[in-house]
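*Asks:* sequence plus predicted model, see below.
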Amino acid sequence: MQMLGGKNSKTVGVLQTVIFVLSSAAIAAAAKTAAPPLSPTNIFAPASTPAESLFGLSIFVLAVTAAIFVVVFILLAYSVVKFRKRNNDDGREPPQVYGSNQVEVAWTVIPILIVVALFMATARVIADIQNASPAANAIEVVAIGHQFWWEYRYPGLHVVTANELHVPVSDPQHPMPTFIKLLSADTDHSFWVPRLAGKTDLIPNHPNSMWIDPHETGLYLGQCAQYCGTQHAKMLLRVYVQPHDEFDRWMAPISPT
């Protein structure tokens, strides 16, 4: 009986192991097929032309600075290894070299060229974003920052809403950008939805503007990026990007009952 019980326990153990392996494989396969959704505030997943331009500029700046870091690190490591103190070092000061036109020109011209390249790339992106003119079918919105909520007005559509900005998707087949005029009712605020555009401040008596053309439907989150008072954290930005027919239904006037 003891031997039979031992065989049964071994059989159960093998079955449990097989079930565990199969279930683990099934879970892993499901995880691969069902990729987690992107974060609505993921700065590395731009979903609008202004955000894509800023993302490309950021990658360019990162690549340039990374290259500078690698070159400086290699030269520093070479110097540390090449000129380390050796056992046969007599402690005398090595020959001193004063002045080198080639070296001085190199460390003056190369940084200037790098700064000019970064400046030109940044200026081009800023000009492309700020000088964009609204198309005939563009949606116009006036965003007003309050302590501590957002007011959205659609002048051409006679719609006013609070805390929720609804815009149509702007796909290549049906481009429909949204131009937003930014006003402040009290103090400084900052409009920032990372996946759609960069930060733009709302300053009292100084209107600003920005535009977005979301390529994908969904909810995009942002935050007022300028501390504006004790309840600043409540100024969450919610941008609902909808298909054109759904946006039209949302904009349709409510008929009286």
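*Replies:* Perfect, thanks for sending it.

*Asks:* low-confidence ranges in the chain?
*Replies:* Applying pLDDT under 70 to the chain flags the ranges 1-38, 253-257.

*Asks:* do a quick rundown of the strands in it.
*Replies:* 139-146, 149-154, 159-162, 164-168, 178-184, 189-191, 200-202, 208-212, 218-223, 236-242 (DSSP state E).

*Asks:* and those, which is most packed in?
*Replies:* Across these, averaging neighbours per residue (mean count of other Cβ atoms under 10 Å) puts strand 189-191 on top, at a mean of 26. All C-beta spots, glycine's among them, are computed from the backbone N, C-alpha and C.

*Asks:* can you add distance to residue 69 and give the strands of the chain back as JSON lines?
*Replies:* Output for the strands of the chain, formatted as JSON lines (distance: least, Cβ to Cβ, whole Å):
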{"stretch": "strand 139-146", "distance to residue 69": "39"}
{"stretch": "strand 149-154", "distance to residue 69": "40"}
{"stretch": "strand 159-162", "distance to residue 69": "46"}
{"stretch": "strand 164-168", "distance to residue 69": "40"}
{"stretch": "strand 178-184", "distance to residue 69": "37"}
{"stretch": "strand 189-191", "distance to residue 69": "30"}
{"stretch": "strand 200-202", "distance to residue 69": "31"}
{"stretch": "strand 208-212", "distance to residue 69": "33"}
{"stretch": "strand 218-223", "distance to residue 69": "31"}
{"stretch": "strand 236-242", "distance to residue 69": "34"}
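
*Asks:* mind listing what residue 212 touches?
*Replies:* By Cβ atoms under 8 Å, 6 or more residues apart in numbering, the residues touching residue 212 are 48, 49, 50, 51, 167, 177, 178, 180, 193, 196, 197, 239.

*Asks:* still on that earlier bit, so which of the strands of the chain gets nearest residue 118?
*Replies:* Of all the strands of the chain, strand 200-202 sits nearest to residue 118, with 21.5 Å by Cβ to Cβ.

*Asks:* I'd like to know which elements that closest one is packed against.
*Replies:* Using 3 or more Cβ pairs under 8 Å, 6 or more residues apart in numbering; DSSP states H and E, the elements in contact with strand 200-202 are strand 139-146, strand 178-184, strand 189-191, strand 208-212.

*Asks:* how does it look with 6 Å?
*Replies:* Judged by 3 or more Cβ pairs under 6 Å, 6 or more residues apart in numbering; DSSP states H and E, the packing partners of strand 200-202 are strand 178-184, strand 189-191.

*Asks:* I'd like the ones you listed laid out as JSON lines, including distance to residue 124.
*Replies:* Formatted as JSON lines, those follow (distance: least, Cβ to Cβ, whole Å):
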{"stretch": "strand 178-184", "distance to residue 124": "21"}
{"stretch": "strand 189-191", "distance to residue 124": "23"}
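
*Asks:* for these, which one sits closest to residue 100?
*Replies:* Closest among the helices and strands packed on strand 200-202, using Cβ to Cβ: strand 189-191, at 48.1 Å.

*Asks:* which residues sit against that closest one?
*Replies:* 145, 182, 199, 200, 201, 202, 224, 225, 226, 228 (Cβ atoms under 6 Å, 6 or more residues apart in numbering).

*Asks:* where's the closest residue to residue 156 other than its chain neighbours relative to residue 193, distance?
*Replies:* The spatially closest residue to residue 156, leaving aside those adjacent along the chain, is residue 140, at 5.7 Å (Cβ to Cβ, 6 or more residues apart in numbering). Here residue 140 is placed at a distance of 17 Å from residue 193 (Cβ to Cβ, to the nearest Å).
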